[in-house]
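Novice: sequence plus predicted model, see below.
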Amino acid sequence: GFTPAMKHEKLKDFSRGWKMRVALARALFIRPFRLLLDKPTKHLDLDACVWLEEELKAFKRTLILISHSQDFLNGVCTNIIHMHNKKLKNYMGNYDQYMKTQLELEENQTKRFPRQQDQISHTKNYIARFGHGSAKLARQAQSKEKILQNMMHDETLSFYFPPCGEIPSPVIMVQNVILKYTKDGPCIYSNLDFGTDLHTRVALVGPIGAGKSCYHQHLQEQLDLDLSSLEYVMKCCPEIKEKEEMRRIIGAMCVWLAWQNPHMLFLGKPTNHLDIETIDMLANAVNEFEGGMMLVSHDFICIQQVAQEIGVCEKQTITKWPGDILAYKEHLKSKLVDDEPQLIKRIYSV
């Protein structure tokens, strides 16, 4: 939560994560009859994501949210509304149940594929024969052409990281490292020892301000110690002058990164600006990648998909978590109950 000193600071001086906490606190404090949330977990750490999920589970009024976090949707939602081809369709259940229904529909679609191909061929012939005839036939042809476009454009995109080749281990080794945000500031990490190789698949987790991104950034030899990750990418793309413009297109950087032919992937919150399908696409590419990977993410499902180890950043060091990311989430839930026993019992009366 907010320290006494932070309560006297101006909101404009807070990071995006703290600004999101303030916005959520305001929205929940007024106890609205209808709560609308647009990607509420985007700038939250895992601790805050778990807190918000438990809070919204107990919310007894109407909640409508947009989120690209599958885990959050599973924990909070009782219905999923899917927008496709300018239409909305309602599905009962959480996100996993929605995906199960979608899979069943896709299986049925696969069975209908041969007949659909015949229909596409017939539609093409129909358009070729009658597309320029009478007004009535032309309208029918145009209608069938729209159907054809919907059939042809239902495709799945993917990308991959090129082979990187073998290099000796360790790829990166740090020993007795001390990291600070400023020269005279407190230590973020003290006497830190850490190494990575081509088999590394680790995700760094921990509370906001623990220094996950700071450590993650400065493992990269080419990164100027005076630059943030965003500033470094902007340095690589000098034609983009504004930070907000870079943030808007940052999702495309996955494709740019894929062709840099790296031996190690350092991914700092890569899912923040991606939709669910692209997150899954990124996870598949990372899993097929021959090199190593270090990830900082606040998306439980993404971490579960790609990470083989979990490193907890706290108390000026990094400690290996003994279980997987879902066990770590249960650990965070148990801490919530210990710190705030009434959390699970809180009920909003209409």
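Specialist: Yep, that arrived.

Novice: would residue 178 count as being in a strand?
Specialist: Yes. Membership of residue 178 in a strand is supported by DSSP: H, G, I helix; E, B strand; the rest coil.

Novice: and the gap between it and residue 95?
Specialist: For residue 178, the distance to residue 95 equals 42 Å [C-beta to C-beta, to the nearest Å]. Quick note: C-beta positions are derived from backbone N, CA and C, even for glycine.

Novice: please apply the same query to residue 75.
Specialist: 9 Å.

Novice: then residue 312?
Specialist: Taken as C-beta to C-beta, the span from residue 312 to residue 95 is 27 Å.

Novice: also residue 332?
Specialist: 20 Å.

Novice: can you show me the strands along the stretch 151-300 of the chain?
Specialist: Along the stretch 151-300 of the chain, counting by DSSP state E, counting those that start in this stretch, strands occupy 172-180, 187-196, 201-205, 264-268, 292-296.

Novice: between those, which one is nearest to residue 160?
Specialist: Nearest to residue 160, of all the strands of the stretch 151-300 of the chain, is strand 264-268, at 12.3 Å by C-beta to C-beta.

Novice: now for the closest one, which elements pack on it?
Specialist: Packing partners of strand 264-268 (3 or more C-beta pairs under 8 Å, 6 or more residues apart in numbering; DSSP states H and E): helix 212-218, strand 292-296.

Novice: just checking: what are the partner strands of that strand?
Specialist: If you go by DSSP bridges, strand 264-268 pairs up with strand 292-296 (parallel).

Novice: who touches the strand it pairs with?
Specialist: Surrounding strand 292-296, the residues in contact under the criterion C-beta atoms under 8 Å, 6 or more residues apart in numbering are 171, 196-204, 212-213, 216, 219, 263-270, 286, 302-303, 306-307.

Novice: can you tell me the SS state at residue 31?
Specialist: coil.

Novice: what confidence value was assigned to it?
Specialist: We have a pLDDT of 87 for residue 31.

Novice: pull up the gap between it and residue 60, please.
Specialist: Distance, residue 31 to residue 60, by C-beta to C-beta: 10 Å.

Novice: please, where are all the helices along the stretch 51-200 of the chain?
Specialist: Along the stretch 51-200 of the chain, counting by DSSP state H, counting those that start in this stretch, helices occupy 70-76, 95-111, 113-130, 135-152.
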